[in-house]
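Participant: Take a look and give me a structure for this.
(one chain, ligands or ions: 2)
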Amino acid sequence: MDKENITIDTSRFQEISISYLKKLSGDKLLTFDVLDQNGNTVFSAGQALNDEILKKKSEEGVKFFIPRVTETIGVYDREIIDMKKLKAIADDTATMYTDIRKTGRMSYDQFLQSNNQLAAIVDSLRAEDKTGGVLSLLKEIKEFDFITYTHSVNVGVLAMILVYKELSTGDKVKLAALAGYLHDIGKLRVDQSIIQKPGLLSYEEYKKVIEHTREGYRILDSVVDFTGKKVVPNIIKYVALFHHRKLQSPGYPFREDDKDKSREAQYNELPDLARIMGICDMYDALTTATPFRMPMSVEKALRYILNLSNYLYSTDDVHRFIKVLGLSLNKGNPFLRTGDFVMLESEKVSLDTRKKIRVYEIARIEDISRINFLNPRVMIFYDVVRNKKLNNITVDLRYDTSRRIVRVFESTRIKEMLLRQLK
Ligand SMILES: [Fe+2]
Ligand SMILES: [Fe+2]
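Facilitator: Ligands and ions are numbered 1, 2, ... in the order given. Below is the predicted model of the structure:
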């Protein structure tokens with residue numbers, strides 16, 4: 001090969017033979033870009049390879065390059081997705097949703113159908129998952145045009161992978177997927193002009209939107225088999241009903257004020273799957289582009305979600321989501337870094353009241369490992385509750401599991417202020 005004719009950065013891209021690429025063609029979607037020797041894109045991620053174009057380009061003297069697999073790129077970029085399967089699921093979903101929108105009801109057959117669609121994904125997940133790279137499904141599904149539907153599919157896939165990675169049984173995985181897939185089904189009973197309205201909603205419109213949770217429950221609760229028996233598992237209905245409940249802010253459907261029960265106790269009474277689905281829902285909303293908002297990068301979205309610990313979501317749930325999915329979603333890279341200022345949360349028993357109290361401290365990340373990125377070595381220097389500078393203490397959170405990171409500070413002004421405290 002004539003080295004002079006190559007201007008692409010070969011430290012980042014490697015040449016790949018046409019015979020290798022031919023193996024990837026067919027009903028598959030690429031999960032990486034294929035570039036020529038000048039760095040121009042020949043095929044983009046999300047496209048299918050075309051043999052004819054490949055041949056033509058090769059005859060014109062085009063060399064093919066793909067990103068080198070390095071630690072920062074991750075192994076997932078090499079994967080190819082079975083397009084036929086995904087396309088079929090997306091098509092079926094679109095048809096089914098149109099029908100439900102027309103009638104305002106979901107039939108037993110439609111419920112079974114969605115069950116089968118998800119079963120197909122779960123089966124392929126079990127068969128293909130070697131690296132956890134199935135997460136690229138999320139990106140691929142987004143390439144389809146069905147904007148209104150893809151959110152549900154995304155949330156379903158996200159919840160499914162989360163539960164799957166926790167080594168749950170197949171039934172549990174399927175239930176999580178199905179619950180995610182159907183969580184916003186109630187939106188089909190909200191006026192389309194409101195759901196698709198750009199910009200802010202009036203209070204009246206907002207009141208209608210929040211009804212999608214109760215409507216979702218009603219739709220799912222009314223699915224019966226031919227003997228009249230209700231068939232949708234309760235947990236799926238509860239996910240539809242409760243996925244917008246929050247820890248410190250009420251969320252919706254609005255809860256009654258219960259003087260005997262703290263907000264936290266009420267939140268923790270929600271089914272596990274409904275709470276975690278709320279985070280999957282938030283993650284997909286943050287990372288999806290809408291006509292009115294640019295998507296957040298994965299890294300930014302994960303930092304944003306971490307900052308919702310003990311606020312919109314419990315610290316347990318946020319850490320569960322991040323621990324299981326954080327690295328895979330961010331292509332193997334930790335989203336926290338050495339030098340980040342963080343807030344730590346821990347519990348201790350008050351000497352006066354004998355009650356458990358929460359302690360908050362500020363620290364700087366000193367050293368972080370990829371696998372244990374949620375438990376770095378930190379230097380603690382400020383007590384937030386007592387508003388007091390501490391003598392700097394170095395703590396390795398891998399061994400001190402009583403302390404957990406609940407905030408990472410983003411604002412430059414705050415970071416400068418903290419830096420002054422540290423000196
Ligand atoms: Fe929702
Ligand atoms: Fe949603």
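Participant: Please pull up the helix or strand immediately following the lowest-mean-pLDDT helix or strand in the chain.
Facilitator: For the chain, the helix or strand with the lowest mean confidence is helix 136-143, at a mean of 41 (criterion: mean pLDDT, DSSP states H and E). Next in sequence after helix 136-143, counting helices and strands by DSSP states H and E, comes helix 147-165.
Participant: Show me which residues of the helix or strand just after that following helix are buried.
Facilitator: Tracing the chain C-terminally past helix 147-165 and defining elements by DSSP H and E, one meets helix 170-181 next. Buried residues in helix 170-181, counted by 16 or more other C-beta atoms under 10 Å: 172, 173, 174, 175, 176, 177, 178, 179, 180, 181. For glycine as for every other residue, the C-beta is placed from the backbone atoms N, C-alpha and C.
Participant: so what's the last one closest to, chain neighbours aside?
Facilitator: In other words, residue 181. Nearest non-adjacent residue to residue 181, counting by C-beta to C-beta, 6 or more residues apart in numbering: residue 156, 3.5 Å away.
Participant: so how many other residues sit close to the one you found?
Facilitator: For residue 156, the count of nearby residues is 27 (other C-beta atoms under 10 Å).
Participant: for residue 196, same thing?
Facilitator: Neighbourhood size, residue 196 [other C-beta under 10 Å]: 10.
Participant: The residue nearest the centre of the chain: which element?
Facilitator: Against the mean C-alpha coordinate of the chain, by C-alpha atoms, centre = their mean, the closest residue is residue 283 at 4.4 Å. Here residue 283 sits within helix 272-287, counting by DSSP H and E.
Participant: Contact residues of the protein facing ligand 2?
Facilitator: Within the chain, the positions near ligand 2 by C-beta under 5 Å from the ion are 184, 281.
Participant: so who does residue 320 touch?
Facilitator: Neighbouring residues of residue 320 by C-beta atoms under 8 Å, 6 or more residues apart in numbering: residue 276.
Participant: how far away is it from residue 275?
Facilitator: According to C-beta to C-beta, to the nearest Å, residue 320 and residue 275 sit 9 Å apart.
Participant: which stretches of the stretch 301-423 of the chain aren't confidently modelled?
Facilitator: Within the stretch 301-423 of the chain, no range satisfies pLDDT under 70.
Participant: can you map out the helices along it?
Facilitator: Assigned by DSSP state H, counting those that start in this stretch, the stretch 301-423 of the chain shows helices spanning 315-329, 412-422.
Participant: Of those, which stretch is the most buried?
Facilitator: helix 315-329 (a mean of 20; mean count of other C-beta atoms under 10 Å).
Participant: Could you figure out how far that helix is turned away from helix 147-165?
Facilitator: Angle of helix 315-329 versus helix 147-165, following axes from the mean of the first three to the mean of the last three C-alpha atoms, to 10 degrees, is 100 degrees.
Participant: Packing partners of the helix or strand hosting residue 240?
Facilitator: Residue 240 belongs to helix 234-242 when assigned by DSSP H and E. Under the contact definition 3 or more C-beta pairs under 8 Å, 6 or more residues apart in numbering; DSSP states H and E, helix 234-242 sits against helix 170-181, helix 212-221, helix 272-287.
Participant: Would you format the ones you listed as JSON lines with mean pLDDT included?
Facilitator: Output for the helices and strands packed on helix 234-242, formatted as JSON lines (pLDDT from 0 to 100):
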{"stretch": "helix 170-181", "mean pLDDT": "83"}
{"stretch": "helix 212-221", "mean pLDDT": "89"}
{"stretch": "helix 272-287", "mean pLDDT": "94"}
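Participant: ok but residue 15 is inside a helix, no?
Facilitator: No: judged by DSSP: H, G, I helix; E, B strand; the rest coil, residue 15 forms no part of a helix; its state is strand.
Participant: and it, how many neighbours?
Facilitator: 14.
Participant: for residue 59, same thing?
Facilitator: If we define neighbours as other C-beta under 10 Å, then residue 59 has 8 of them.
Participant: Please report the distance of it from ligand 2.
Facilitator: Distance check for residue 59 against ligand 2: by C-beta to the ion, to the nearest Å, it reads 48 Å.
Participant: residues near the residue lying closest to residue 154 once chain neighbours are set aside, how many?
Facilitator: Leaving aside its sequence neighbours, residue 154 sits nearest to residue 284 (C-beta to C-beta, 6+ apart; 4.6 Å). By other C-beta under 10 Å, the residues close to residue 284 number 23.
Participant: Pretty sure residue 284 sits against residue 156.
Facilitator: No: here residue 284 lies out of contact with residue 156, judged by C-beta atoms under 8 Å, at a distance of 9.9 Å.
Participant: Let me see the contact set for the nearest residue to residue 405 once chain neighbours are set aside.
Facilitator: Excluding its sequence neighbours, the residue lying closest to residue 405 (C-beta to C-beta, 6+ apart) is residue 342, at 4.8 Å. Taking C-beta under 8 Å, 6+ apart as the criterion, residue 342 is in contact with 336, 362, 363, 364, 365, 378, 405, 407, 408, 409.
Participant: what do you get if the cut-off is 6 Å, keeping everything else the same?
Facilitator: 363, 405, 408 (C-beta atoms under 6 Å, 6 or more residues apart in numbering).
Participant: so the first one makes contact with residue 380?
Facilitator: Yes: the pair formed by residue 363 and residue 380 meets the contact definition of C-beta atoms under 6 Å, at 4.3 Å.
Participant: Would you check that residue 365 makes contact with residue 376?
Facilitator: Yes: with contact defined as C-beta under 6 Å, residue 365 counts as touching residue 376 (4.8 Å).
Participant: Burial check on the residue of the stretch 251-400 of the chain found nearest ligand 2, number of neighbours?
Facilitator: Residue nearest to ligand 2 within the stretch 251-400 of the chain: residue 281 (4.1 Å; C-beta to the ion). Close neighbours of residue 281, defined as other C-beta under 10 Å, add up to 22.
Participant: Domain ranges for this structure, per the record?
Facilitator: 3-68, 83-287, 336-422 (automatic domain parsing).
Participant: So between residue 365 and residue 376, which is more surrounded?
Facilitator: The neighbour count for residue 365 versus residue 376, taken as other C-beta under 10 Å, is higher for residue 376 (24 against 21).
Participant: From residue 315, how far off is the closest residue to that one other than its chain neighbours?
Facilitator: Spatial nearest neighbour of residue 376, chain neighbours left out: residue 368 (3.9 Å); criterion: C-beta to C-beta, 6+ apart. Distance of residue 368 to residue 315, computed by C-beta to C-beta: 19 Å.
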